[in-house]
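> sequence below, structure please.
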Amino acid sequence: MPGTAKYRTSGNVRDPSAPKLPRSAYLLFSHSSRNAILASSPGLDFGGLSKETSRIWKAMSDNERGGWKRKEEEDKKRYENEIAKYKPPEGYNKNGEKLKAWASGVKRTRDPLAPKKPLTSFILYQHANRAEFKEANPTYTFGELASYTSKMFKELGSEEKKLWEDKATKDKARYEREMKEYKPKKGKYDEQG
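This next block holds a predicted model:
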């Protein structure tokens, strides 16, 4: 399929040779005190260990935590020095995170002649009322306007909501009818357009 590859990081997969990420003061404390806590309470499972570590951490004074904060800063400096020298291998970004191609590695190009997908009742409502809502709330940002529209749609009565659902059903029928008639160009687009 035509198009260019798009990449994103693939979660937590990192280059094994990349510098280790810096740890927070709490994580440094947690790793350091794990064995002592398990020795004093041998029957703790992972959840119990986490709760006990958290309880001890919260009970510490700011002065006691200060040592761990200094270690956190040292670890952060260590990481910054190492990452500045790090040269990622191909397929990894500058932070050592593995790059993963979107879906099949190629951005899908849609056939401009393919039928438009059906719209939901909410999207139809939003399109029909956006100008009115924007005029009534000129200071709203795009996100605020979307939230407002969503709130208004949820507050619709069942009869009014049914009108929009009927429009969505008609649009879905239109799409299905057009898809039956749609013939994609051989080798260029798939059956979905």
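> from here on, just use CA atoms for contacts and neighbour counts.
Noted.
> quick one, helices of the protein?
Read by DSSP state H, the chain holds these helices, from start to end of the chain: 25-40, 46-59, 62-85, 121-136, 142-154, 158-181.
> quick one: closest of these to residue 93.
Shortest distance between residue 93 and the helices of the chain, using CA to CA, is found for helix 62-85: 11.2 Å.
> now this structure, which segments are flagged as low pLDDT?
For the chain, the stretches flagged by pLDDT under 70 are 1-12, 101-108, 186-193.
> from residue 149, how far off is the residue of it positioned farthest from its centre?
Distance from the C-alpha centroid of the chain, by CA atoms, centre = their mean, peaks at residue 40 (40.2 Å). The gap separating residue 40 from residue 149 is 56 Å, by CA to CA, to the nearest Å.
> related to what we said a few turns ago, switch the helices of the chain over to a markdown table; also include distance to residue 15.
Conversion of these to a markdown table gives the following (distance: least, CA to CA, whole Å):
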| stretch | distance to residue 15 |
| --- | --- |
| helix 25-40 | 22 |
| helix 46-59 | 27 |
| helix 62-85 | 12 |
| helix 121-136 | 42 |
| helix 142-154 | 37 |
| helix 158-181 | 45 |
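> of those, which is nearest residue 14?
Distance to residue 14, taken as CA to CA, is lowest for helix 62-85 among the helices of the chain, at 13.0 Å.
> and the closest one, what does it pack onto?
With contacts defined as 3 or more CA pairs under 8 Å, 6 or more residues apart in numbering; DSSP states H and E, helix 62-85 has these neighbours: helix 25-40.
> quick one: contacts of the helix it packs on?
Residues outside helix 25-40 that contact it (CA atoms under 8 Å, 6 or more residues apart in numbering): 44, 49, 52-53, 57, 65, 68-69, 71-72.
> make it 6 Å
Outside helix 25-40, the residues that touch it by CA atoms under 6 Å, 6 or more residues apart in numbering are 68-69, 72.
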